[in-house]
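[1] below: sequence and its predicted model.
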Amino acid sequence: QKRADEVMDALVAECSKRKADAGVSDLTPWFDCARSYGLSERFVGEFLRKANVKPGDVYVSSKWGYTYVADWNVALEAGAPHEVKDHSVENFLKQLKETQEELGKYVNLYQVHSATFESGILTDERAHEALAKCREERGWSIGLSVSGTVQD
């Protein structure tokens, strides 16, 4: 967390400096997280709360749909994944709760992580309804990132 805090503090300071130096009013630090990026949501959420950053002073996005399973091991057994993809409604609701706990009021954009036709997310009406409910209840923008064909 210490190193993550140093990096995020430097980003916020640099944006503030550039705003002051150049008179640019729309320069906002953007923190991009994902459920599968290790502890990224926890690092960002803790930093923002400790630094008393106002939600309107940063832009925070995160992604759901992958679960990080490598337990910080760089070298895994042959064929063992670092992350597992699951675009089910059940996984969305689980990861939504986790993101809410870690980032809460700071989230601006919540995205489907690496949407593909093969994962079923693009045609899953139940998932679309859950995403719409998230947008309505939390005010978060909803989006998606895309990836190569037939990505697991």
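    Alright, I've got the coordinates. Residues are numbered from 1 along each chain as shown.
[2] residues contacting residue 33?
    40, 41, 44, 60, 61, 62, 63, 103 (CB atoms under 8 Å, 6 or more residues apart in numbering). The way it works is simple: take the backbone N, C-alpha and C, and place the C-beta from them, glycine included.
[3] tell me the secondary structure of the residue nearest to the spatial centre of the chain, please.
    Among the residues of the chain, the one closest to the centroid is residue 62, at 1.4 Å (CA atoms, centre = their mean). Following DSSP: H, G, I helix; E, B strand; the rest coil, residue 62 is assigned to strand.
[4] ok, it to residue 23 distance?
    31 Å (CB to CB, to the nearest Å).
[5] and what of residue 143?
    For residue 143 relative to residue 23 (CB to CB), the value is 30 Å.
[6] over to residue 99?
    Relative to residue 23, and taking CB to CB, residue 99 is found at 35 Å.
[7] of those two, who's got more company?
    Counted by other CB atoms under 10 Å, residue 99 and residue 23 do not tie: residue 99 has more neighbours, with 24 against 7.
[8] other residues contacting stretch 61-75?
    30-38, 40-41, 76, 80-87, 91-92, 95-96, 99, 103, 107-115, 119, 121, 143, 145.
[9] are any of the residues you listed buried, and which?
    Using 16 or more other CB atoms under 10 Å as the burial test, these include 31, 33-38, 40-41, 83, 85-87, 91-92, 95-96, 99, 103, 107-108, 110-115, 119, 121 as buried.
[10] what are the buried residues along stretch 121-138?
    121, 124, 127, 130, 131, 134, 138.
[11] in helices, which of the contacts of stretch 61-75 appear?
    Counted as lying in helices by DSSP state H, out of the contacts of stretch 61-75, are 40, 41, 91, 92, 95, 96, 99.
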